[in-house]
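Visitor: requesting a structural model of the entry that follows:
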Amino acid sequence: MEKSNSFYSIQSNQADDRFSTGWVDIQKNTFTNWCNSTLATKHVAVNDLYTDMCDGVTLIHLYELVSGKTIDHSIQQPKVLPHKLQNISLVMKAMNADGVKFVNIEPLDICDGNPKLILAFIWHMILYYQIGMPQPMSSCSSVDTSKIHPKPSLAEVHPATKSIDEKVYKVSPRTLLLRLVNSLLPHVTVVNLTSDWNDGKALAALIEVLSPGSCPSNEQWNDKNPLLNVTTALCLAEVHLGIPVLIEPHHMTAKNVDELSMITYLSSFTKEGGVAEKYFVKKLSEKFPSISNDLSNMTTNWNNGVLLCKILKECHPQALKDGFITDFSNLEPESHFYIQHSISNINNAFHDAKTLLDIQPNISPELFAAKNVPALAVMSYLSPFLQITPRVVEDPTLASDIGIQLTTQDPDHFPDSRISFRIVSLKHQIPTKDLAIKIEKQGHPRMETGFKTSWLNDKECRVDFTPEDAGVYVLGATLQGQPIKNSPFRLEVLSPHFKSSFVRLENFDPVIDSQEGLEFVVHLKRSIGALSCIIEVFVSHP
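Guide: Coordinates of the predicted model:
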């Protein structure tokens, strides 16, 4: 796709009258750019979208590039109509096998250069092979932007899900993109994929998030220079992120900018293996270390729901109280039980995420578990998790690294005397809001004992309490509901009548032969109130 030098040097503050273009022309131009960007490696160019597809040769090149498959028995230099129809028919059959269904569409419609059907044909290629969400295509298909509700064909969904009603897959790429963008850009309001992008500021903000430093100070861009803003943003996206300029700057700034053209361009960011997927893998791995070793993509890694359940548990301690299925090693990925357990994990996670974190499920558990789930769908659902601070940030096993230590030096403990403990971590900062401490007297679980906490530093907390009477006291400490090391800690408080004691053994041999006699002396010195006494006990056996 050739770009004029003027693309990089537009200085006008507003698009002039010659850029007043209908949405059909915008769409034709964008789809032409998409075809040329895709065909670049084949050194094939599309000049007129309506006529250059009629012999089927360009369509075959386009299909082979976007699908990664090869079409055999094509005619490279068709001269007569039957040869052209054969080429187009081969592409349609291949797409049909992939899951794109054609209803009342014939190769002759494409060969005749029907504008509406050619635009619809290219859109369905984009929808399936770039966005990953095909829908049936009929002779009534329209390229109008008012109805975009694709659903994967069950032929291409995981085999174990073929019997599921197709309606569970019905989801709009518009909805997915809007949720994704709004989660990535919490300080930018985007309610549509048309006019909210006219001034270029939303696009600039998206580029800055995905490639920090690429588009600095974009908040200060002048709203009165939309064409310059959009031109700059498109250029920066191409330079820093490798996103081709599929939509012309003056088309993006147009009041009637075509939504499908915008979706085509924005899906270049979110396609499988694209910059958004790499961003999500990196950010989720950093935010949730427990999944970092198992996370390499935003599609199949999430199918069984295990990673989703793990990050949900890190975000909220009350989530998934009944646990979740983690071991799929003995199940075949194609089996009914694998899918059943996967959907169970996902369904439970969706429910708790909605209830506890207000994360609404915008796709079905069945689509999340599908083998060919679009990266856009997974990223769109997970995008709110990027804005949530995990309950334990540094280490999911933090609770096991924190312990309780008794710091009071006295060997005996009595009522009305202060007893001190230390809760300490040698490695990690302790998240104070997640640490719960409770002291109660054994046998009286409903009567908690008061205590005082003092944070000595971010890794150490001192706990002081003064027991009122004798008995066994239990100190319990949990982090995110998980007991820390040495918790619960039990401590006996003696009766105040026994202030001190001293025990000494004489003639005691710890190695005892049961056949020989045993004899030793126990000296017990104890104070009882104001009275001191010494007791000697002589022990002999037999």
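
Visitor: residue 364: how many residues sit nearby?
Guide: 21 (other CB atoms under 10 Å). All C-beta spots, glycine's among them, are computed from the backbone N, C-alpha and C.

Visitor: nope, residue 438 is what I meant
Guide: 15.

Visitor: A strand includes it, no?
Guide: Yes - membership of residue 438 in a strand is supported by DSSP: H, G, I helix; E, B strand; the rest coil.

Visitor: is it true that it touches residue 473?
Guide: No - using CB atoms under 8 Å, residue 438 is not in contact with residue 473; the gap is 10.9 Å.

Visitor: what helix or strand does residue 423 sit in?
Guide: Secondary structure assigned from DSSP states H and E places residue 423 in strand 419-425.

Visitor: identify each buried residue in that strand, please.
Guide: Neighbour counts over strand 419-425 (16 or more other CB atoms under 10 Å) mark 419-421, 423-425 as buried.

Visitor: thought residue 44 was touching residue 64?
Guide: No - counting by CB under 8 Å, residue 64 is not a contact partner of residue 44; they are 11.1 Å apart.

Visitor: so where is the protein shaky, pLDDT-wise?
Guide: Along the chain, segments meeting pLDDT under 70 span 1-21, 134-169, 391-400, 445-447, 480-481, 497-542.

Visitor: all strands of it, in order?
Guide: 102-103, 137-138, 402-406, 419-425, 435-441, 444-448, 452-457, 460-465, 471-479, 482-483, 489-493, 498-506, 518-528, 531-541 (DSSP state E).

Visitor: compute the inter-axis angle for the third one and strand 489-493.
Guide: It stands for strand 402-406. 10 degrees (axes from the mean of the first three to the mean of the last three CA atoms, to 10 degrees).

Visitor: check the offset of strand 402-406 from the chain's centre.
Guide: Averaging C-alpha coordinates over strand 402-406 and over its chain gives two centres that are 35 Å apart (CA atoms, centre = their mean, to the nearest Å).

Visitor: now swap in stretch 115-133 and tell me
Guide: For stretch 115-133, the distance to the chain centre is 28 Å (CA atoms, centre = their mean).

Visitor: what residues sit buried inside it?
Guide: 117-133.

Visitor: could you find the closest non-adjacent residue to residue 450?
Guide: Closest residue in space to residue 450, ignoring its immediate chain neighbours: residue 465 at 6.7 Å, by CB to CB, 6 or more residues apart in numbering.

Visitor: how many neighbours does that neighbour have?
Guide: When neighbours are defined as other CB under 10 Å, residue 465 has 19 of them.

Visitor: OK, contacts around it?
Guide: By CB atoms under 8 Å, 6 or more residues apart in numbering, the contact list for residue 465 reads 418-419, 439, 449-452, 473.

Visitor: try residue 277
Guide: By CB under 8 Å, 6+ apart, the neighbours of residue 277 are 270-271, 297-298, 375, 379.

Visitor: pop the domain breakdown of this protein in here.
Guide: Here the domain assignment for the chain is 23-131, 173-269, 275-387, 396-493, based on the TED database.

Visitor: starting at the chain centroid, how far to the shortest one?
Guide: Shown here is domain 173-269, whose average C-alpha point lies 22 Å from the average C-alpha point of the whole chain (CA atoms, centre = their mean).

Visitor: now do the same end-to-end measure for it.
Guide: For domain 173-269, the first-to-last residue distance is 13 Å (CA to CA, to the nearest Å).

Visitor: what are the boundaries of the helices in the stretch 51-200 of the chain?
Guide: With DSSP state H, counting those that start in this stretch, the ranges of helices along the stretch 51-200 of the chain come out as 57-67, 81-98, 107-111, 115-125, 173-184.

Visitor: make a markdown table from those and add distance to residue 34 to it.
Guide: Converted to a markdown table, the helices of the stretch 51-200 of the chain look like this (distance: least, CB to CB, whole Å):
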| stretch | distance to residue 34 |
| --- | --- |
| helix 57-67 | 9 |
| helix 81-98 | 16 |
| helix 107-111 | 17 |
| helix 115-125 | 7 |
| helix 173-184 | 15 |
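
Visitor: mind checking those helices for the one nearest to residue 240?
Guide: Nearest to residue 240, of all those, is helix 173-184, at 16.0 Å by CB to CB.

Visitor: which strands or helices does that closest one pack on?
Guide: Applying 3 or more CB pairs under 8 Å, 6 or more residues apart in numbering; DSSP states H and E, we find helix 173-184 packed against helix 201-210, helix 259-270, helix 375-382.

Visitor: okay, buried residues for it please.
Guide: Within helix 173-184, the residues that count as buried by 16+ other CB under 10 Å are 173-174, 176-184.

Visitor: possible to save the helices and strands packed on helix 173-184 as TSV with distance to residue 286 and mean neighbour count?
Guide: Output for the helices and strands packed on helix 173-184, formatted as TSV (distance: least, CB to CB, whole Å; neighbours: other CB atoms under 10 Å):
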stretch	distance to residue 286	mean neighbour count
helix 201-210	15	23
helix 259-270	20	24
helix 375-382	14	25
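
Visitor: now distance to residue 342 too, for those, in CSV please.
Guide: Listed next are the helices and strands packed on helix 173-184 as CSV, based on distance: least, CB to CB, whole Å:
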stretch, distance to residue 342
helix 201-210, 30
helix 259-270, 23
helix 375-382, 13
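
Visitor: closest one to residue 79 among these?
Guide: For the helices and strands packed on helix 173-184, proximity to residue 79 was assessed by CB to CB; helix 259-270 is nearest, at 33.1 Å.

Visitor: contacts for the strand holding residue 423, please.
Guide: Under CB under 8 Å, 6+ apart, the answer for strand 419-425 is 398, 401-408, 413, 430, 435, 437, 459-467, 475, 477, 484, 489, 491, 493.

Visitor: returning to that earlier point: now the two most distant members of the contacts of residue 465.
Guide: Maximum pairwise distance among the contacts of residue 465 (CB to CB): 15.0 Å, between 452 and 473.

Visitor: out of those two, which sits in the more crowded spot?
Guide: Between residue 452 and residue 473, residue 473 has the larger neighbour count (other CB under 10 Å), namely 21 against 11.

Visitor: OK, contacts around the closest residue to the more buried one other than its chain neighbours?
Guide: Residue nearest to residue 473 in three dimensions, not counting chain neighbours: residue 491, with 5.1 Å by CB to CB, 6+ apart. Going by CB under 8 Å, 6+ apart, residue 491 touches 406, 413, 419, 472-475.

Visitor: do residue 406 as well
Guide: 419-422, 489, 491.

Visitor: again, but for residue 403
Guide: Applying CB under 8 Å, 6+ apart, the residues contacting residue 403 are 423-425, 484-486.

Visitor: now the residues you listed in CSV, with distance to residue 236?
Guide: Listed next are the contacts of residue 403 as CSV, based on distance: CB to CB, whole Å:
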residue, distance to residue 236
423, 50
424, 49
425, 44
484, 49
485, 51
486, 55
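
Visitor: thinking again about what came up before, between the buried residues of helix 173-184, which is nearest residue 55?
Guide: residue 173 (30.6 Å).

Visitor: gap between residue 289 and residue 337?
Guide: The spacing between residue 289 and residue 337, counted by CB to CB, to the nearest Å, is 30 Å.

Visitor: compare these two (neighbour count), which wins?
Guide: Legend: neighbour count by other CB under 10 Å for residue 289 and residue 337, higher for residue 289 (16 against 12).

Visitor: kindly export the longest helix that the chain contains (C-alpha atoms) in CSV.
Guide: Ordering each helix of the chain by length in residues (DSSP state H) puts helix 336-357 first. C-alpha atoms of helix 336-357 as CSV (Å, rounded to 0.1, in the frame of the first residue of the first chain):
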residue,chain,number,x,y,z
HIS,A,336,-16.5,-34.3,26.9
PHE,A,337,-15.2,-34.4,30.5
TYR,A,338,-12.4,-31.9,29.7
ILE,A,339,-14.8,-29.4,28.3
GLN,A,340,-17.3,-30.1,31.1
HIS,A,341,-14.8,-29.4,33.8
SER,A,342,-13.4,-26.4,31.9
ILE,A,343,-16.9,-24.8,31.6
SER,A,344,-17.5,-25.5,35.3
ASN,A,345,-14.4,-23.7,36.3
ILE,A,346,-15.2,-20.7,34.0
ASN,A,347,-18.8,-20.5,35.0
ASN,A,348,-18.0,-20.5,38.7
ALA,A,349,-15.3,-17.9,38.1
PHE,A,350,-17.6,-15.7,36.1
HIS,A,351,-20.2,-15.9,38.9
ASP,A,352,-17.8,-14.9,41.7
ALA,A,353,-16.1,-12.2,39.6
LYS,A,354,-19.5,-10.7,39.0
THR,A,355,-20.7,-11.0,42.6
LEU,A,356,-17.5,-10.0,44.4
LEU,A,357,-15.7,-7.7,41.9
